[in-house]
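Asks: Below is the sequence, then the predicted model.
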Amino acid sequence: MSVSNDKSPVHGAPLPSVWVRRWLHGLPQGARVLDFACGTGRHAHLALAAGARVTAVDRDPRALDAVDAAAARIVSDLEADPWPFEPASFDAVICCNYLFRPRIDLLFGLVAPGGRVIYETFARGNERYGRPSSPAFLLRAGELLDASLRNGFDVVAYEHGLVSVPKAAIVQRVCAIRPPAAVEDCPLVG
């Protein structure tokens, strides 16, 4: 079934991001996935369908009501409440259309060794196409790339530019992998 607009055939909800779909693919069954600032959970639903154990967090309890009950649902103001997660507790962290710079390093810190962050949001220049238009909500050139490298991640893919789907916008997106934990050299026995 093809869908020609940005709405899902189920309840008129937005479709999952093509970027997230691409980089979520290949996670092992039972992977721990966080849909951060999830809204109604379009990416939580995608991860659940792929066999992941999903946690969905958002500040809006009404939006979380739309998230599948199979996901752990957490109501939290991600900008003001105490940080609700332990470091390195997820195999993948998804964040779309959300930016709060003071906690971006904490977000990257949620990824376990060998795990990935999949991030996509609006960037400077988007003010020509609509909202958001405030610099507080628009990434600077290279900002996700810099955050990935600063936090010790290997960047698998990075893009910055104009997209036309679901609507014209300037976006920046990254998929970055936290390197696996180092294996200690074993002494030779002999």
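Replies: In hand now; what should we look at?
Asks: Could you use CA atoms for every contact and neighbour count after this?
Replies: Fine.
Asks: what pLDDT, on average, does the longest strand anywhere in the chain get?
Replies: Longest strand in the chain, counting residues (DSSP state E): strand 111-122. Strand 111-122 shows a mean pLDDT of 98.
Asks: ok, now stretch 61-68?
Replies: Mean per-residue pLDDT for stretch 61-68: 94.
Asks: returning to what we had before: what residues does the longest strand of the chain touch?
Replies: The contact list for strand 111-122, computed with CA atoms under 8 Å, 6 or more residues apart in numbering, reads 19-20, 23-24, 87-99, 108, 132, 137-139, 144, 169-181.
Asks: Tell me the buried residues within the residues you listed.
Replies: 19-20, 23-24, 88-97, 99, 108, 132, 137-139, 144, 169-178 (16 or more other CA atoms under 10 Å).
Asks: who are the neighbours in contact with residue 176?
Replies: Counted by CA under 8 Å, 6+ apart, residue 176 has contacts 116-118, 148, 153-157.
Asks: want to throw the residues you listed into JSON lines with distance to residue 68?
Replies: Shown next, in JSON lines, are the contacts of residue 176 (distance: CA to CA, whole Å):
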{"residue": "116", "distance to residue 68": "23"}
{"residue": "117", "distance to residue 68": "22"}
{"residue": "118", "distance to residue 68": "21"}
{"residue": "148", "distance to residue 68": "30"}
{"residue": "153", "distance to residue 68": "30"}
{"residue": "154", "distance to residue 68": "32"}
{"residue": "155", "distance to residue 68": "31"}
{"residue": "156", "distance to residue 68": "30"}
{"residue": "157", "distance to residue 68": "29"}
